[in-house]
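Novice: Provided below are the primary sequence and the corresponding predicted coordinates.
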Amino acid sequence: MKITIHQPEYLPWLGFFDKVRQCELLVLLDHVPFTKNYFQNRNRIRGAEGPIWMTVPVKTKGKFNQPIREVEIDNVNPWKRKNLNTLLQNYRKTPFFDRYVPFFTDLYQKEWRFLSELNETCIRYLLEQLEINVKLIRSSTLNIQGGKSDLVLDICKKTGADFYLSGISGKEYLNDPSFREAEIKVQYQEFHHPIYSQLHEPFIPCMSVVDLLFNHGAKSLEIIQGIGAQTMEQLFH
């Protein structure tokens with residue numbers, strides 16, 4: 001079984017889904033410490049003037065090193081209205097606005113306490129819309145031991161994986177010999193960011209995948225796979 005592991009990010013970018021589409025199991029790494037001012041509680045969409053951050057405010061005061069699964073949303077801040085209005089204002093004129101906006105309208109009307117629950121709900125929906133059929137579990141259910149390379153290896157063993165697809169940053173910390181000893185093959189993702197038509201020009205890469213969906217609908221997965229799409233590497237070479 002081929003697996004990948006990733007923290008539950010908020011409205012992830014294309015590279016996240018490129019990695020997941022190649023696997024049978026996605027393990028959401030929700031038992032590790034929350035990283036402030038990273039993609040766990042925010043991401044970017046394409047606005048008329050450039051990238052716009054969509055942020056979910058969270059409670060961090062006095063909660064140093066709290067695991068992601070315990071991070072609470074700061075609902076004193078009217079973040080739901082802000083996030084929904086940001087999507088409405090910037091994607092209302094996209095070809096597939098009517099297809100996806102009902103989900104987000106409903107999403108931002110619900111009450112959310114924990115960030116990880118919000119993120120997982122979004123991820124499951126986005127996987128469904130991209131037609132990526134993958135099983136999803138949380139690392140907090142596995143009683144994982146160790147950190148960094150040992151953590152990844154323990155997850156692989158406890159899920160019965162014989163193939164691990166890592167992000168490119170895994171080359172900096174994975175102990176390849178320990179995986180070979182466990183007879184688990186390691187592969188590093190090679191993602192070539194596609195160029196696609198956005199509502200505004202010029203093209204800006206590394207947006208949340210919602211930018212792609214609102215603009216291209218059912219063809220989004222093909223674009224992520226690079227089918228018939230130019231890549232950033234090709235543009236600059």
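Specialist: That came through, no problem. Numbers count the residues shown, from 1 in each chain.

Novice: what residues are up against residue 31?
Specialist: 67-69, 138-140, 144 (Cβ atoms under 8 Å, 6 or more residues apart in numbering). C-beta coordinates here come from the backbone N, C-alpha and C atoms, glycine included.

Novice: tell me which of the residues you listed is nearest to residue 58?
Specialist: Of all those, residue 58 sits closest to residue 68, with 10.0 Å by Cβ to Cβ.

Novice: correct me, but that closest one touches residue 8?
Specialist: Yes. Applying Cβ atoms under 8 Å, one finds residue 68 in contact with residue 8, separated by 6.5 Å.

Novice: any common contacting residues for the two?
Specialist: Common neighbours of residue 68 and residue 8, using Cβ under 8 Å, 6+ apart, are 29-30, 40, 115-116.

Novice: measure the residue lying farthest from the centre of the chain to residue 170 for me?
Specialist: Relative to the centre of the chain, the most outlying C-alpha is that of residue 181, 30.3 Å out, by Cα atoms, centre = their mean. In this view, residue 181 and residue 170 are 17 Å apart by Cβ to Cβ, to the nearest Å.

Novice: what do you get for residue 115?
Specialist: Using Cβ to Cβ, one gets 24 Å for the distance from residue 115 to residue 170.

Novice: what does residue 204 give?
Specialist: 27 Å.

Novice: So which of those two has more stuff around it?
Specialist: Relative neighbour count places residue 170 above the other of residue 204 and residue 170, with 19 against 15, counting by other Cβ atoms under 10 Å.

Novice: list the contacts for the closest residue to residue 118 other than its chain neighbours?
Specialist: Closest residue to residue 118 apart from its sequence neighbours, by Cβ to Cβ, 6 or more residues apart in numbering: residue 112 at 4.6 Å. The contact partners of residue 112, by Cβ under 8 Å, 6+ apart, come to 73, 75, 80, 118.
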